[in-house]
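Chemist: have a look at this fold, sequence not included:
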Ligand code: UT7
């Protein structure tokens, strides 16, 4: 049966130049490089300078993804931007990126699914393409999480970083089986009963302030391991593949121990898991496209490879996407 697939034809990423190491955090907080590395795998994080906004990071990543795809902004029908840290309450940061790219037509909007934001945005764009409402799409994950951190809370502020990543999708005909290149499946889930485990204690309607991240880290960890396993199992079952068919696991980068447990669950050797958390920390919606761009640029991800993505975040929201490169 002939189907329309969304093929990933370009990747790009951008990290702000300012780097903050664990040692620097340990000078102003009751923490240590040793604790942060052992419990999370993080060595450092990039942090946007004042005046460097989510839309700026997103724009750089978008330009690089378009260049990698050999496409111009005028070729795009759609921009979907996953972010929890928009420039402003409204309009959507995606529309700022649209204007900055010089794109004068098409659709641009944000998706709010916190750390699952890229997987959610990818699924939304893929659905637009598969029903024929767009022939091409730019999917971005971009965050300045540093702006919503409580820099006195060692349980959260050491975990996050800023950055952006983007992919370009293009509609292509496929046979409808696993040999097609492009996104083969997406699985999304949410369960709002877990709000209090990971949330921001402010917002335009609730407090008229931006608020700061609050997290029950140990509980989130526990749920992440089981919920991500469900998302991964569903992706594998839906496509009739096994863990050993996966060429690359490109997970959301929240904690190295969670990443390792997903790799082990799939029976993948560590070399097949793309890890950036040591250098980027948790960049929320940006972590997967940052990792994709890195693994594509250094030649690890090659045409024909099977790439499994998974993420979990506040809400809770979680999900997976399986793509053949
Ligand atoms: O991307 C969205 C999804 N987010 C996640 O998936 C994050 C999931 N959670 C985690 O990654 C981990 O739970 C954390 C890294 C946040 C915490 O690691 P943990 O092994 O679960 O530690 P814990 O929260 O159980 O805390 C253990 C101890 C506590 O001290 P006591 O009560 O045992 O005396 C904490 O107060 O470590 C203490 N602690 C710290 N110590 C030094 C917490 N944060 C720090 C810190 N430095 N930064």
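Modeler: Thanks, I have the structure now. Quick caveat: nothing in here was measured; it's all calculated off a predicted structure.
Chemist: contacting residues for residue 111?
Modeler: Counting by C-beta atoms under 8 Å, 6 or more residues apart in numbering, residue 111 makes contact with 80, 81, 82, 83, 117, 120, 121, 124. Glycine gets a C-beta too; all of them are placed from N, C-alpha and C.
Chemist: who wins for most neighbours among those residues?
Modeler: residue 82 (33 neighbours; other C-beta atoms under 10 Å).
Chemist: what about it, distance to residue 303?
Modeler: 25 Å (C-beta to C-beta, to the nearest Å).
Chemist: again, but for residue 181
Modeler: On the measure of C-beta to C-beta, residue 181 and residue 303 end up 7 Å apart.
Chemist: need the nearest residue in space to whichever residue of the chain sits closest to the ligand, chain neighbours excluded.
Modeler: Nearest residue of the chain to the ligand (C-beta to the nearest ligand atom) works out as residue 217 at 2.8 Å. By the measure of C-beta to C-beta, 6 or more residues apart in numbering, the closest residue to residue 217 outside its immediate chain neighbours is residue 155, 5.7 Å from it.
Chemist: OK, contacts around residue 152?
Modeler: residue 29.
Chemist: assumed it was part of a helix.
Modeler: No: counting by DSSP: H, G, I helix; E, B strand; the rest coil, residue 152 is not part of a helix but coil.
Chemist: my guess is residue 282 contacts residue 258. True?
Modeler: No: judged on C-beta atoms under 8 Å, residue 282 makes no contact with residue 258 at a distance of 10.3 Å.
Chemist: quick check: which element contains the residue nearest to residue 217?
Modeler: Assessed by DSSP states H and E, residue 155 sits inside helix 154-157.
Chemist: okay, now the sheet partners of the next helix or strand after that helix, with direction.
Modeler: Counting by DSSP H and E, the next helix or strand C-terminal to helix 154-157 is strand 163-174. Paired strands of strand 163-174, with direction, are strand 3-14 (antiparallel), strand 136-143 (antiparallel) (DSSP bridges).
Chemist: identify each buried residue in strand 163-174, please.
Modeler: Within strand 163-174, the residues scored as buried using 16 or more other C-beta atoms under 10 Å are 163, 164, 165, 166, 167, 168, 169, 170, 171, 172, 174.
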